[in-house]
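predicted coordinates and the sequence they were generated for:
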Amino acid sequence: MHVAHLSLHDFRSYADIDVVLEPGVTAFVGRNGQGKTNLVEAIDYLSRLSSHRVATDAPLIRAGTAQAVIRAAVVREGRTAILEVELNPGRANRARINRSPLSRARDLAGIVRTVVFSPEDLALVKGDPSQRRRFLDDLIVLRTPRMAGVLSDYERVLRQRNTLLKTMYAARGASRDSALATLAVWDDHLVATGTELLQSRIALATDLAPYLGKAYEAVARGASRDDARLEYQTSIPSADADSFRAELERRQRDEIGRGVTLVGPHRDDIVLTLGPGDEQRLPVRGYASLGESWSFALALRLASYDQLRADGDDPILILDDVFAELDVERRTQLAELVAGAEQVLVTAAVAADVPTQLSGATFHVAGGEVTRD
């Protein structure tokens with residue numbers, strides 16, 4: 001799979017831009033603030049319908065305009081499809097495939113598969129649990145696109161349920177009985193969507209574990225594939241609907257008192273550990289050095305890439321300003337590991353930051369212009 005053509009309209013810093021791309025390695029070189037990351041961010045957005053840099057769509061719209069359009073020609077197994085998404089902050093986004101509208105924008109998710117390496121990846125191991133949950137959820141959607149709908153439904157139910165819980169603390173008499181009946185309805189929806197999400201996350205964590213060990217061995221000097229592990233840690237005793245419902249009932253008083261849902265996959269974490277054996281194993285967060293943390297973050301991304309390839313697709317690799325953050329040894333190791341991908345897109349402030357193993361087409365990005373060497 002590769003992107004053959006990218007067109008942006010009012011996306012980030014670009015009023016209108018068209019870039020012709022090829023398989024293999026392409027580097028976008030330019031000083032910070034010139035728009036090189038905006039190009040790869042747009043391609044990644046088509047994959048997940050969200051940005052790896054910001055939490056909402058509003059910053060993606062060029063200042064002074066009301067909407068943005070990302071359009072790309074994607075080649076997969078010799079066939080080309082035109083994918084397009086129209087970003088409308090405050091309103092529903094719209095998507096098309098080969099100019100034909102989709103009923104929901106989220107149906108575009110997972111058609112293009114990307115794996116992004118970026119400086120923000122350090123948050124996967126050193127940040128809060130939400131970063132690791134998002135890492136798993138993004139990969140779940142790429143592997144099983146219909147899970148985008150499950151995620152969306154779960155988040156909608158969670159918001160509605162939290163709103164109800166906030167009003168219940170002061171409720172009395174008939175109002176309280178009515179609120180409890182409504183809460184039971186939202187419990188049903190939360191259990192249905194939450195159980196499916198929980199089981200998908202646990203299955204993915206299990207599938208990903210051997211790829212993580214192999215990737216960490218490849219990027220960390222002297223490491224073995226048994227050193228790096230991940231384990232899904234859930235707030236529910238067992239990953240089934242009955243256990244989920246029982247835990248909601250047990251925590252109901254606490255939830256009403258605090259006005260927030262305390263049970264469900266939105267409270268879970270992925271525990272990342274390092275060590276040669278169970279007795280010497282320590283959590284990466286809080287104990288690993290900076291170098292070990294970077295190696296683990298890179299291993300998580302490489303494991304994602306290998307997992308997607310094992311599923312039958314060669315995802316597009318995006319290396320966004322990552323080499324400037326790595327020492328020479330890790331630069332070389334990462335470059336050697338990804339050089340054989342069908343398409344690798346690299347951004348760098350200076351050409352010297354791009355390892356020689358990733359030589360290929362080079363575009364210079366400056367002043368809103370993208371020009372090829």
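Now that the structure is in, tell me what you want to look at. Numbers count the residues shown, from 1 in each chain.

for the chain, which segments are assigned as helices?
Using DSSP state H, the helices of the chain run over residues 36-48, 122-126, 129-143, 147-168, 173-219, 241-258, 284-287, 290-310, 328-338.

burial measure for Ile61, as a count.
Counted by other Cβ atoms under 10 Å, the residues lying close to Ile61 total 17. C-beta: built from backbone N, CA, C; applies to glycine.

for Phe11, see how far away it is.
Ile61 is 8 Å from Phe11, where distance means Cβ to Cβ, to the nearest Å.

on that earlier part again, just put the helices of the chain in a markdown table and tack on mean pLDDT and distance to Ala109.
As requested, those are arranged in a markdown table below (pLDDT from 0 to 100; distance: least, Cβ to Cβ, whole Å):
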| stretch | mean pLDDT | distance to Ala109 |
| --- | --- | --- |
| helix 36-48 | 94 | 6 |
| helix 122-126 | 93 | 21 |
| helix 129-143 | 94 | 5 |
| helix 147-168 | 94 | 4 |
| helix 173-219 | 92 | 14 |
| helix 241-258 | 95 | 25 |
| helix 284-287 | 88 | 29 |
| helix 290-310 | 93 | 14 |
| helix 328-338 | 87 | 23 |
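
most tightly packed of those?
helix 36-48 (a mean of 24; mean count of other Cβ atoms under 10 Å).

now it against helix 129-143, angle please.
Angle of helix 36-48 versus helix 129-143, following axes from the mean of the first three to the mean of the last three Cα atoms, to 10 degrees, is 60 degrees.

how big is the angle separating helix 36-48 from helix 147-168?
90 degrees.

out of the helices of the chain, the one nearest Tyr232 is which?
Evaluated over the helices of the chain, closeness to Tyr232 peaks at helix 173-219, with 4.2 Å, by Cβ to Cβ.

and that closest one, how far out from the chain middle?
Taking the mean of its C-alpha atoms, helix 173-219 sits 17 Å from the chain's own mean (Cα atoms, centre = their mean, to the nearest Å).

ok, now stretch 24-33?
For stretch 24-33, the distance to the chain centre is 21 Å (Cα atoms, centre = their mean).

among the helices of the chain, which is nearest Asp107?
Relative to Asp107, the nearest member of the helices of the chain by Cβ to Cβ is helix 147-168, separated by 8.0 Å.

which other helices and strands contact the closest one?
Secondary-structure packing of helix 147-168 (3 or more Cβ pairs under 8 Å, 6 or more residues apart in numbering; DSSP states H and E): helix 129-143, helix 173-219, helix 241-258.

could you export the helices of the chain as a markdown table, including distance to Ile270?
Output for these, formatted as a markdown table (distance: least, Cβ to Cβ, whole Å):
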| stretch | distance to Ile270 |
| --- | --- |
| helix 36-48 | 18 |
| helix 122-126 | 9 |
| helix 129-143 | 4 |
| helix 147-168 | 16 |
| helix 173-219 | 7 |
| helix 241-258 | 19 |
| helix 284-287 | 11 |
| helix 290-310 | 9 |
| helix 328-338 | 22 |
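
quick one: which of those helices is nearest Ile316?
Closest to Ile316 of the helices of the chain, according to Cβ to Cβ: helix 36-48, at 6.7 Å.

dump that closest one to CSV, restricted to CA.
Provided in CSV are the C-alpha atoms of helix 36-48 (Å, rounded to 0.1, in the frame of the first residue of the first chain):
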residue,chain,number,x,y,z
LYS,A,36,6.4,19.5,6.6
THR,A,37,4.7,17.6,9.4
ASN,A,38,1.3,18.9,8.2
LEU,A,39,1.8,16.8,5.0
VAL,A,40,2.3,13.5,6.8
GLU,A,41,-0.3,14.4,9.5
ALA,A,42,-2.9,14.6,6.7
ILE,A,43,-2.1,11.1,5.4
ASP,A,44,-2.3,9.7,9.0
TYR,A,45,-5.6,11.5,9.5
LEU,A,46,-7.1,9.5,6.6
SER,A,47,-6.0,6.3,8.4
ARG,A,48,-7.5,7.0,11.8
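
what residue lies at the spatial centre of this structure?
Residue closest to the average C-alpha location in the chain (Cα atoms, centre = their mean): Asp138, at 3.9 Å.
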